[in-house]
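Student: can you look at this prediction? I've put the sequence above it.
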Amino acid sequence: MTLKRKIIFIFFILVLIGASSSFGFYFGKTQCKICPPEEIDFSLFWEAWNKLQQRYVEKENFDVQKMIYGAISGMVKSLEDPYTVFLNPEDTKRFVEDVKGTFEGVGMEIGIRKGQLQVIAPLEGTPAQRAGLRAGDKILKVDDKPTMDMTIEEAVNLIRGQKGSEVTLTIFREEWEKSKEFKIVRGVIEVPSLKWELKDENIAHLELYQFSEKASFDFTQAAIEILESPAQKIILDLRNNPGGYLEVAQDVAGWFLERGQVVAIEGFGGEKEQKVYKAQGPAQLVAYPTVILINKGSASGSEILAGALRDNRGILLIGEASFGKGSVQELERLREGSSLKITVAKWLTPKGELITDVGLKPDIEIEITEEDYEEERDPQLDKAIEIIKGL
């Protein structure tokens, strides 16, 4: 896997499998020239530093390196962007290994909304999904540690762990009167890319779980099977799909859009020209009537794909509003193995709609209730089948 590939929200398979979430990563080497701005007065910092050295009672806890890391973390945290973070050498090493390797954890995407750590999506076939966690669940504690003011990376480090070990998550769900504890045994996370089946003889129900590196190949195989099947219509199910590689989302969009149609726009806040990503073919599913299922676990890559198909083809979105994760991070290497993960851009749909903190609103809103879950009913899929039959 090439670390310079752009990743849109490298799904928290990384968390809870592994590392840290974001909507896009650039792995590059910083070309840093240490030139502190002369107009910034650091005297207050050094005054506080000297007072601590002089007066702090437990001198054995005075770890200079740890304090430097803490100072940098505090500076970054003041930006109030949960996806812009400082990674010390240990966290940086773990992050890079997780992007490249096999993961152990509970298998879910997490993020921060309105200051609260929550589940973006439990991944298909993982311990988190089997335990009953759902998109939108608020994580109040990890074992005995409250998550208030906890960064995503701090939560990742607490939740991840070796297979066979156990972690307890205190969860609150909107339908509940009080929180509940979930004891989850960690495992090796191997999430499939997708699966599809034929419904009502001519409807292909295609569930796309993630935009992993392997997903382009898997989608090509599935598309060929659909083209050779009796399927005449497609339900593209992006529920609980937390994202992955931008290139993969772009590849998938290319099956549903004409070559050259806009898939997504990368905006840099006016400092530089926007970058436009376009469909590159083969466009062999363009003629198929299609509807898309989304929910609050649909994030980043799945939001880009859904937005692209809606804006270009008027494809209906059915379900619940998506998560709203549309920022791009760049990993900048620092000295001694540390790094900064910096938000450098935000994603927009082809019509210029901002995704971050807003998400996509469904054209037909259908919720799944607690009773639906208990009775294993899927009113969202039922509605999608009803709608697609009329197209």
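Tutor: That came through, no problem.
Student: pull the longest strand from the protein.
Tutor: strand 339-348 (DSSP state E).
Student: which element, helix or strand, includes the residue lying closest to Lys180 once chain neighbours are set aside?
Tutor: Once flanking residues are discounted, Lys180 sits nearest to Ile171: 5.7 Å by Cβ to Cβ, 6 or more residues apart in numbering. Every C-beta, even on glycine, is put in place using the N, C-alpha and C of the backbone. In the assignment (DSSP states H and E), Ile171 maps to strand 166-172.
Student: immediately after the helix or strand of the chain with the lowest mean pLDDT, which helix or strand?
Tutor: Ranked by mean pLDDT, DSSP states H and E, the weakest helix or strand in the chain is strand 25-28, scoring a mean of 42. Note on strand 25-28: by DSSP H and E, the next helix or strand toward the C-terminus is helix 43-55.
Student: tell me the mean pLDDT for that following helix?
Tutor: Across helix 43-55, pLDDT averages out at 91.
Student: let's verify Tyr69: helix, strand, or coil?
Tutor: helix (DSSP: H, G, I helix; E, B strand; the rest coil).
Student: show me the contacts for it.
Tutor: For Tyr69, the contact set (Cβ atoms under 8 Å, 6 or more residues apart in numbering) comprises 86, 88, 338.
Student: mind putting these in JSON lines, neighbour count, distance to Lys195 and pLDDT included?
Tutor: JSON lines is the format used below for those (neighbours: other Cβ atoms under 10 Å; distance: Cβ to Cβ, whole Å; pLDDT from 0 to 100):
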{"residue": "Phe86", "neighbour count": "23", "distance to Lys195": "39", "pLDDT": "94"}
{"residue": "Asn88", "neighbour count": "21", "distance to Lys195": "39", "pLDDT": "91"}
{"residue": "Ser338", "neighbour count": "18", "distance to Lys195": "40", "pLDDT": "95"}
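Student: distance to Trp176 added to the residues you listed, as JSON lines?
Tutor: Formatted as JSON lines, these follow (distance: Cβ to Cβ, whole Å):
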{"residue": "Phe86", "distance to Trp176": "35"}
{"residue": "Asn88", "distance to Trp176": "36"}
{"residue": "Ser338", "distance to Trp176": "40"}
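Student: and which of these is nearest to Gln210?
Tutor: Closest approach between the contacts of Tyr69 and Gln210, by Cβ to Cβ: Phe86, at 27.2 Å.
Student: adjacent strands (with direction) for the helix or strand harbouring the closest one?
Tutor: Assessed by DSSP H and E, Phe86 sits inside strand 85-87. If you go by DSSP bridges, strand 85-87 pairs up with strand 339-348 (antiparallel).
Student: the partner strand: how far from the chain's middle?
Tutor: 13 Å (Cα atoms, centre = their mean, to the nearest Å).
Student: for the nearest residue to Gln116 once chain neighbours are set aside, list each beta-bridge partner.
Tutor: Excluding the flanking residues, the one nearest Gln116 by Cβ to Cβ, 6+ apart is Lys138, at 5.4 Å. Applying DSSP bridges to Lys138 yields these beta-bridge partners: Gln118, Phe172.
Student: okay, now stretch 255-270: how far is its last residue from its first?
Tutor: 32 Å (Cα to Cα, to the nearest Å).
Student: any idea of the mean pLDDT for it?
Tutor: For stretch 255-270, the mean per-residue pLDDT is 93.
Student: name the residues of that stretch that are buried.
Tutor: For stretch 255-270, a neighbour-count test (16 or more other Cβ atoms under 10 Å) marks 255-257, 261-267 as buried.
Student: dump the residues you listed to CSV, plus secondary structure.
Tutor: As requested, the buried residues of stretch 255-270 are exported to CSV (three-state DSSP):
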residue, secondary structure
Trp255, helix
Phe256, helix
Leu257, coil
Gln261, coil
Val262, strand
Val263, strand
Ala264, strand
Ile265, strand
Glu266, strand
Gly267, strand
